[in-house]
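Trainee: below are the sequence and a predicted model; questions follow.
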Number of protein chains: 2
Amino acid sequence: MIPLLLLSLSSPSFSILRDPAGFHSGPIDLSSTKTGYKGYKYQEEFLSGVPIDHFAFTTNQTFSLRYFFNDEHFQCQKTILFYTGNEGKLEGFAENTGFMWDIAPEFEAAVIFAEHRFYGKSQPFGNDSYSSIDKLGFLSSEQALADFAFLIEHLKTKRIKCAQHSSVIAFGGSYGGMLSAWMRIKYPHLVQGAIAASAPVFWFFDSGIEEDIYDRIVTRTATSSGCELKAVTSGFEAISNLGKTDNGRDFLNKLFVLEEKSSLIKPEDTNFLKAFIKEVFESIVMVDYPYPTSFLSPLPGWPVKLACSFLKNVSKNDEDAARSLFNVVNLYYNYTGSTPSFCANPDVCSGAFAALGDPLGWPWQTCTEMVMPLCSSGYPNDFFWKDCPYTEKTAIDYCTKTFGSIGFTRGILRPKWATRNYGINSFPTATNIVFSNGFLDPWSGGGWSKENKKEGSLIGIIIEEGAHHYDLRGTHSNDTQEIKDVRDMERGYIKDWVKEYETKWKEEKKKWKESKENATRSFH
Amino acid sequence: MIPLLLLSLSSPSFSILRDPAGFHSGPIDLSSTKTGYKGYKYQEEFLSGVPIDHFAFTTNQTFSLRYFFNDEHFQCQKTILFYTGNEGKLEGFAENTGFMWDIAPEFEAAVIFAEHRFYGKSQPFGNDSYSSIDKLGFLSSEQALADFAFLIEHLKTKRIKCAQHSSVIAFGGSYGGMLSAWMRIKYPHLVQGAIAASAPVFWFFDSGIEEDIYDRIVTRTATSSGCELKAVTSGFEAISNLGKTDNGRDFLNKLFVLEEKSSLIKPEDTNFLKAFIKEVFESIVMVDYPYPTSFLSPLPGWPVKLACSFLKNVSKNDEDAARSLFNVVNLYYNYTGSTPSFCANPDVCSGAFAALGDPLGWPWQTCTEMVMPLCSSGYPNDFFWKDCPYTEKTAIDYCTKTFGSIGFTRGILRPKWATRNYGINSFPTATNIVFSNGFLDPWSGGGWSKENKKEGSLIGIIIEEGAHHYDLRGTHSNDTQEIKDVRDMERGYIKDWVKEYETKWKEEKKKWKESKENATRSFH
């Protein structure tokens, strides 16, 4: 498997911005593990004629948006369950959002997964889509939402028979959860409610986000799963120490397979190694599910607990401390034993990134409007090292380096736009959204609320034993009682929203008919 | 004054799409009449750095947006009254929206008028702004709303001292009313309420609009003001009859000053003349105010009544019938007597359009997303002649003719987009909007409601004796009791919205502080 692309600002050789879904990190080999995946059936379809630019009229260019379609349970005017695809190819979302498949029969619903433009097979300019900012510039959340609006119209009026008065419920996890919430907020006439799972909707400069919250939660989850804080910090110190001598670097190289020849390792490579290990921690807590999954990489149930079993005590010497961290890395990348030798350094090991779909998609989004502050404040807040503060300059430096060659310039980055457009730290008129967050999941730090909360029909749910959008996964025999209850609640809310809509449109139709008749009468 | 630019589909020589505000039809000479204008004082300012494209990142180009600023009554954290400028230069809105100026002292409010991009002095590409669709394409309602969001942010955080927690109330009339409502709908975190006066928010193909409603209301207003239906229809018939003979055309030419030489008038020119007169009716009912105004042209109070005094009876012969219609035209264009000879034919009389600011702005908008069906079904529904139906093809033919040379092609016109984006025939989650409409005003036919109505905090008000956004005008000694009551209601709603916001942000601030403290405690 491929490493999760995380922002490791301390590592000059490895600065790719963190991705909330962790999802573009490669194909998901579901056959290799026994997960919630049940072989969901869907047709792959493409909607042609989608405007490349919905909000300006400088061009009439269109493209084809991919979506997955299943209407085997659909009954006339019943519900459409609509996944608002995020930063990755669509298959992964369809296969890891079992909740939608599970409830489709009950709601007599069609199941739709819509791909996000510029990911997977939804490339507006084909293979050239990422070639320059006059093309890649059309990758934005607003355009993606408008694509979804366009697709919903198509589904209701053309594709699905007898769906003109169907309610539409949006689902999404992570950035997809942001999209599902925003879809309800910006297009409430098209979408009647949204399950926004693990959506860091307030992870922005001016939303009151604590820039170091991610790694603080990583540390909280790990220490509550048995990791001894000092065991981790001393592990990182050990790597720094070993990097200072030839023998130490030789040891590290043999252990972590950094280079073919150990002589190639330079002292500063320990920074890279530390960042690489940091990422493993940052990733594994996102997927701390109670049963084996392969969402980011094939892992056992409660993987953090297992990882922390190597870090219960401070090691006696640097070699042992490094080995403890290696065990965590090895668990994350080689749990199935099918990756006996992995290469930690993508700059050196060719092919490591070959399987990536759109590795620059999410980074691009973080260089335009999804500017989400992330950094570590170090011990004692977290078990890493200080690289805060995260500033606009941090982002601009990274973006200039990464996208300067295709036309990025300072003005492209607009750190305040997402909040100006969607809401700074509240959604004053929004209704019918569940914002669920897992307490174990670092992304919960920027969610709609950090506690269970009800504000009208906006519902904040904290899943105590939950990792990243656990609630969206399919039923599993090892599911916790808590997640069963949460999914029941979500089903209940969806029922309410559907009923509300059905009642309303019937009333509205009646009223509209009456007012039309009255109007006609009053004119002549 | 310049003729209102109306869609006259029957006239091949004069097919410019109708403009809800009627506003780009030239400069408003307020000095010439005694209207509600009180010499409002404002500073002209420009906000630089506004992105030309808010929703894509293909360019970092920016432009300067013009706005008018007055904070003489503003008190710390009090309200910002914000006019969402529509299709015309800003001065006219500032000078004809006395309501905002009148209530500013009571609300201790700042008064802001924001110009719509591509109108007045807010030209993103200077004099080239209208030169090709790769520039003019950035003229869209969504981009304009985003400009306003950008400006509101600037006002609250930079321009106005002590306004960070100020409530913002949006105001607009006609298309500006659509924008003020949409501003509340799409940016409820930035705008706490909206007065959307005479906003035809449901004047779209799929909103259930009756395509012939405009002229039906024109006819209703005129006949209820004393016009005899048959007197009008026989007048138009008379013009057709006169056009058939040399003598008749000579008579018409002398009466209406169509050409310098009567021999130039061709039989088919009577179609142009009829369309020209039709427009006068279509315009004068929009501005049927109880006192003299010069919003579209200088007119006396209750001008429709005066116009209809010429049309109480069917004339005895064609000449008299034509003279009756001429009297209406003369009233509309020459009430002050300062335009003793006017030229009805802009294709022939040079200079007639010289004073226009951005005459192609609104037509362009109708050729992209503001595709508003308009046609006449003729007698007995209205006193014109049948040119319905209005179809997508009607629009495309017009747009190809008008904008083909700068790049318009079929795919640019997106008749369903506005409703997909803003709401088809309801705004399910919107709150705090007054949709006021005048019963005399033809645009009321596509308003949010055709009767007084309350749906939560969405308020529909029908002003029985009201023309186009009468409520937005300043206090006048001849104001009807009804309009005084309506303005009182609107002031009351604004008070509620302001209070709601002030209460809420104080609570939110408290909660947010608490949750931050709790969060900090729970981490370490």
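Mentor: Noted; the coordinates are in hand. Treat the numbers as computed from the prediction; the structure is a model and nothing was measured.

Trainee: now name the helix or strand holding the spatially closest residue to residue A:452 that is not a sequence neighbour.
Mentor: What sits nearest to residue A:452 in space, not counting adjacent residues and going by CB to CB, 6 or more residues apart in numbering or on different chains, is residue A:462, at 5.6 Å. Where C-beta positions appear, they are placed from N, C-alpha and C, glycine not excepted. Element membership for residue A:462 (DSSP states H and E) is strand A:458-463.

Trainee: kindly state the beta-bridge partners for residue A:194.
Mentor: residue A:170, residue A:433 (DSSP bridges).

Trainee: and for it, the neighbour number?
Mentor: 31 (other CB atoms under 10 Å in any protein chain shown).

Trainee: OK, contacts around it?
Mentor: Residues near residue A:194 by CB atoms under 8 Å, 6 or more residues apart in numbering or on different chains: A:169-172, A:180-181, A:183-184, A:432-434.

Trainee: can you get me a residue count around the residue nearest to residue A:452?
Mentor: Residue A:462 sits with 18 neighbouring residues when counted by other CB under 10 Å.

Trainee: that older thread, show me what the strand holding residue A:462 is packed against.
Mentor: Strand A:458-463 is packed against strand A:433-438, strand A:453-455, helix A:481-523, with contacts defined by 3 or more CB pairs under 8 Å, 6 or more residues apart in numbering or on different chains; DSSP states H and E.

Trainee: that strand pairs with which strands, parallel or anti?
Mentor: Next to strand A:458-463 in the sheet, as set by DSSP bridges, lie strand A:433-438 (parallel), strand A:453-455 (antiparallel).

Trainee: can you redo those strands as JSON lines with mean neighbour count?
Mentor: As requested, the strands paired with strand A:458-463 are exported to JSON lines (neighbours: other CB atoms under 10 Å in any protein chain shown):
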{"stretch": "strand A:433-438", "mean neighbour count": "29"}
{"stretch": "strand A:453-455", "mean neighbour count": "14"}
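
Trainee: can I get those in TSV with mean pLDDT?
Mentor: Converted to TSV, the strands paired with strand A:458-463 look like this (pLDDT from 0 to 100):
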stretch	mean pLDDT
strand A:433-438	98
strand A:453-455	96
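
Trainee: quick one: residue A:306 is in a strand?
Mentor: No. Under DSSP: H, G, I helix; E, B strand; the rest coil, residue A:306 sits outside any strand and is assigned helix.

Trainee: picking that back up, farthest pair in the contacts of residue A:194?
Mentor: Longest distance between any two of the contacts of residue A:194 is 14.4 Å, between A:172 and A:432; criterion CB to CB.

Trainee: compare these two and say which is more crowded by neighbours.
Mentor: Legend: neighbour count by other CB under 10 Å for residue A:172 and residue A:432, higher for residue A:172 (31 against 25).

Trainee: would you confirm that the more buried one contacts residue A:197?
Mentor: Yes. The criterion here is CB atoms under 8 Å, and residue A:172 meets it with residue A:197 at 6.9 Å.

Trainee: please compute how far the helix or strand of chain A with the lowest mean pLDDT lies from its chain's middle.
Mentor: Every helix and strand of chain A was ranked by mean pLDDT, DSSP states H and E. The lowest is helix A:481-523, at a mean of 85. Chain-centre distance of helix A:481-523: 31 Å, with CA atoms, centre = their mean, to the nearest Å.

Trainee: stretch A:202-210 too?
Mentor: Worked out by CA atoms, centre = their mean, stretch A:202-210 lies 17 Å from the chain centre.

Trainee: ok, stretch A:234-245 next?
Mentor: For stretch A:234-245, the distance to the chain centre is 33 Å (CA atoms, centre = their mean).

Trainee: before we move on, what about stretch A:467-485?
Mentor: A distance of 17 Å separates the centroid of the chain from that of stretch A:467-485, by CA atoms, centre = their mean.

Trainee: in terms of secondary structure, what does the helix or strand containing residue A:402 contact?
Mentor: Counting by DSSP H and E, the element that carries residue A:402 is helix A:392-403. In terms of contacts (3+ CB pairs under 8 Å, 6+ apart), helix A:392-403 is packed against helix A:361-366.

Trainee: mean confidence for the helix it packs on?
Mentor: Computed over helix A:361-366, the mean pLDDT rounds to 96.

Trainee: hmm, back to that, these two touch, right, the residue nearest to residue A:452 and residue A:439?
Mentor: Yes. Counting by CB under 8 Å, residue A:462 touches residue A:439, with 5.5 Å between them.

Trainee: run through the strands of the stretch 1-150 of chain A in chain order.
Mentor: Using DSSP state E, counting those that start in this stretch, the strands found in the stretch 1-150 of chain A span residues A:43-51, A:62-70, A:80-84, A:110-114.

Trainee: kindly state the beta-bridge partners for the closest residue to residue A:44 other than its chain neighbours.
Mentor: Nearest non-adjacent residue to residue A:44, counting by CB to CB, 6+ apart: residue A:68, 6.0 Å away. Beta-bridge pairing for residue A:68 (DSSP bridges): residue A:44, residue A:113.

Trainee: what residues are up against residue A:68?
Mentor: Residue A:68 neighbours (CB under 8 Å, 6+ apart): A:42-45, A:90, A:94, A:111-113.

Trainee: buried subset of these?
Mentor: A:42, A:90, A:94, A:111-113 (16 or more other CB atoms under 10 Å in any protein chain shown).

Trainee: ok, so of those, who is nearest residue A:153?
Mentor: Nearest to residue A:153 among the buried ones among the contacts of residue A:68 is residue A:112, at 12.6 Å by CB to CB.

Trainee: next one: the closest one from chain B, what distance?
Mentor: Using CB to the nearest CB, to the nearest Å, one gets 17 Å for the distance from residue A:112 to chain B.

Trainee: now swap in residue A:289 and tell me
Mentor: For residue A:289 relative to chain B (CB to the nearest CB), the value is 23 Å.

Trainee: quick one: low-confidence ranges for chain A?
Mentor: Applying pLDDT under 70 to chain A flags the ranges A:1-38, A:259-264, A:339-357, A:515-516, A:518-524.

Trainee: can you list the domain ranges for it.
Mentor: What automatic domain parsing lists as the domains of chain A is A:21-207, A:210-354, A:421-469.

Trainee: so which of the ones you listed is nearest residue B:449?
Mentor: Proximity to residue B:449 (CB to CB) singles out domain A:21-207 among these, at 16.2 Å.

Trainee: quick one: distance of that closest one to the chain centre.
Mentor: Distance, centroid of domain A:21-207 to centroid of chain: 13 Å (CA atoms, centre = their mean).

Trainee: same thing with stretch A:386-398?
Mentor: 21 Å.

Trainee: may I have that stretch exported as PDB, CA atoms only?
Mentor: The C-alpha trace of stretch A:386-398 is given here as PDB (Å, rounded to 0.1, in the frame of the first residue of the first chain):
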ATOM      1  CA  LYS A 386       6.800  21.600  17.400                       C
ATOM      2  CA  ASP A 387       6.300  22.900  13.900                       C
ATOM      3  CA  CYS A 388       3.600  25.400  14.600                       C
ATOM      4  CA  PRO A 389       2.400  28.100  13.800                       C
ATOM      5  CA  TYR A 390       0.700  27.300  10.500                       C
ATOM      6  CA  THR A 391       0.400  30.600   8.700                       C
ATOM      7  CA  GLU A 392      -0.700  31.800   5.300                       C
ATOM      8  CA  LYS A 393       2.900  31.900   4.400                       C
ATOM      9  CA  THR A 394       3.300  28.200   5.300                       C
ATOM     10  CA  ALA A 395       0.600  27.500   2.700                       C
ATOM     11  CA  ILE A 396       1.900  29.800   0.000                       C
ATOM     12  CA  ASP A 397       5.500  28.400   0.300                       C
ATOM     13  CA  TYR A 398       4.200  24.900  -0.100                       C
END
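
Trainee: show me what counts as buried in it.
Mentor: A:387-388, A:390, A:394-396, A:398.

Trainee: let me know the closest of these to chain B.
Mentor: The shortest gap between chain B and any of the buried residues of stretch A:386-398 belongs to residue A:396, at 12.1 Å (CB to the nearest CB).

Trainee: for that closest one, what are its contacts?
Mentor: Residue A:396 touches A:410, A:413, counting by CB under 8 Å, 6+ apart.
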